[in-house]
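K.L.:
give the three-dimensional model of this entry:
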Amino acid sequence: MWQTDGYTGLDAGEFTWAINGFQAGVFGEYDLGYSGFEIQPALMYVESGSHLGQSKGFPGEGNFVIGYSDTHLRIYSLRLPVNLLYSYRVNSKWKVFGGLGPYIQKNLNGTEKGWYIGYDNSTNNYTPGGGPIKNNIKLSSDGSYATIGQSNVASIDAGMNILLGLQYKKLQFSVGWMRGFVTQYKTSYVNLGNQSWNFTLGYVLFGHERKPRL
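P.N.:
Just a heads-up that it's a prediction; the model follows:
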């Protein structure tokens, strides 16, 4: 996921890393005459998210603050990309293609799980006042505070994706990169949005392809 800082200047911070997810779904192709261009809509069930590690400086009550927390955020969604592809037939068996297009995404549910430990400013020591974090996400644009049970994710995302791939007979393999434009998750320290590489294996069940005229 992409990240921007919420604010700076305090002894506080948030570090994020990518996590492995999955996607599964169906796609269709409609060729635009003999031009080599195709429209490819798809409907995908997607797991995305982020590892939020070494979070520190969260406010608490009185002298007690959240010293560190470490969580994994997982979001489950339906994603509808519509790509404009250009394909080139190498021979009767092989085809290469590439393209780009927009997508819209509806987030369904998800979790944020991990742990935190406390810190006492009056003694400058870590305390036993911590524990596990096991939150179900809520679809909301409000900020998140995972250590007190508030994990909020935006309901909708929209963005762009780019892909390159090849096809052998009816078997397709593609590599894609996508970037969302909507902040999906935010705290006082960080704003997160969708950004990922994906690798897709597909099979063409039926369809009609018109080769470009020379």
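K.L.:
wait, residue 43 touches residue 78, no?
P.N.:
Yes: Residue 43 lies in contact with residue 78 (CB atoms under 8 Å); the separation is 6.9 Å. C-beta coordinates here come from the backbone N, C-alpha and C atoms, glycine included.
K.L.:
show me the shaky parts of the chain.
P.N.:
3-14, 54-67, 121, 128-129, 206-214 (pLDDT under 70).
K.L.:
in terms of helices and strands, where is residue 126?
P.N.:
strand 125-136 (DSSP states H and E).
K.L.:
what comes up buried for that strand?
P.N.:
Of the residues in strand 125-136, 130, 133, 135 count as buried by neighbour count, 16 or more other CB atoms under 10 Å.
K.L.:
all helices for the chain, in order.
P.N.:
Counting by DSSP state H, the chain has no helices to list.
K.L.:
direction included, what does the strand holding residue 126 pair against?
P.N.:
Strand pairing for strand 125-136, using DSSP bridges, gives strand 94-120 (antiparallel).
K.L.:
could you list the buried residues of the strand it pairs with?
P.N.:
95, 97-99, 101, 103, 105, 107, 110-114, 116-120.
K.L.:
now residue 154: closest residue in space, sequence neighbours ignored.
P.N.:
Excluding its sequence neighbours, the residue lying closest to residue 154 (CB to CB, 6 or more residues apart in numbering) is residue 184, at 5.0 Å.
K.L.:
do residue 50 as well
P.N.:
Setting aside the residues directly before and after it, residue 50 is nearest to residue 1 in space (CB to CB, 6+ apart), at 4.5 Å.
K.L.:
distance check, that neighbour against residue 159.
P.N.:
12 Å (CB to CB, to the nearest Å).
K.L.:
what is in contact with these two at once?
P.N.:
Residues within reach of residue 1 and of residue 159 at once, by CB atoms under 8 Å, 6 or more residues apart in numbering, are residue 194.
K.L.:
which of the two has more residues huddled nearby?
P.N.:
Legend: neighbour count by other CB atoms under 10 Å for residue 1 and residue 159, higher for residue 1 (24 against 18).
K.L.:
am I right that that one is in contact with residue 72?
P.N.:
No: with contact defined as CB under 8 Å, residue 1 does not reach residue 72; the gap is 12.0 Å.
K.L.:
what do these two both touch?
P.N.:
Joint contacts of residue 1 and residue 72 (CB under 8 Å, 6+ apart) are 49, 50.
K.L.:
how about residue 112, nearest residue that isn't a chain neighbour?
P.N.:
residue 151 (4.0 Å).
K.L.:
dump the residue contacts of the spatially closest residue to residue 26 that is not a sequence neighbour.
P.N.:
The spatial neighbour of residue 26 that comes closest, neighbours along the chain excluded (CB to CB, 6+ apart), is residue 43 at 5.8 Å. For residue 43, the contacting residues are 25, 26, 27, 78, 79, 80, by CB under 8 Å, 6+ apart.
K.L.:
if we can go back for a sec, could I get the contacting residues of the residue nearest to residue 154?
P.N.:
Contacts of residue 184 (CB under 8 Å, 6+ apart): 1, 75, 107, 153, 154, 157, 192, 193, 194.
K.L.:
same question, residue 161
P.N.:
81, 83, 100, 101, 102, 103, 176, 177, 178, 179.
K.L.:
could you give the number of residues near the nearest residue to residue 169 once chain neighbours are set aside?
P.N.:
The spatially closest residue to residue 169, leaving aside those adjacent along the chain, is residue 93, at 5.6 Å (CB to CB, 6+ apart). Residues lying near residue 93 (other CB under 10 Å) number 9.
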